[in-house]
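Chemist: Build me a structure from this.
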Amino acid sequence: LQLRAEARRDPDAPADEDPVAIALLASALGVPREDLVTRRGFHRGVARLGGFLARRGDGEPGWQTLWLGARRLVLMLLGAELVGPRSET
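Modeler: The predicted structure is shown next:
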């Protein structure tokens, strides 16, 4: 809900998110990272991960869709943390 409030208050401000989270989200959605560096872009990206279609007439995503997207993103971040940097031997 804080993400939604920040995106509505100042949508063009830079997203205060971990660069790894932005990279994972961009990769999962198949969009360039530059699309997700603002608060509004990151907010809508997380919502898309939760099932939001982001069509022109859809309006803003609801909290349940944001929660589903945030849950998926947290699991992706946990997986990336567990794998860590791979060393080829």
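Chemist: which one's the longest helix in the protein?
Modeler: In the chain, with assignment by DSSP state H, the single longest helix is helix 63-83.
Chemist: Check which residues of that one are buried.
Modeler: Under the neighbour-count criterion of 16 or more other Cβ atoms under 10 Å, helix 63-83 has 65-66, 68-70, 72-73, 76 buried. Every residue, glycine included, has its C-beta placed from N, CA and C.
Chemist: With distance to Val37 and pLDDT added, can I get those in CSV?
Modeler: Below are the buried residues of helix 63-83 laid out as CSV (distance: Cβ to Cβ, whole Å; pLDDT from 0 to 100):
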residue, distance to Val37, pLDDT
Thr65, 21, 95
Leu66, 18, 94
Leu68, 22, 96
Gly69, 17, 96
Ala70, 18, 95
Arg72, 20, 97
Leu73, 15, 96
Met76, 18, 95
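Chemist: Looking at those residues, point me to the pair that's furthest apart.
Modeler: Thr65 and Met76 (16.7 Å; Cβ to Cβ).
Chemist: Spatially central, which residue of the protein would that be?
Modeler: Centroid-nearest residue in the chain: Val46, 3.4 Å away (criterion: Cα atoms, centre = their mean).
Chemist: Start from the N-terminal end of this protein and give the helices.
Modeler: Using DSSP H, helices in the chain cover 2-9, 19-29, 39-49, 63-83.
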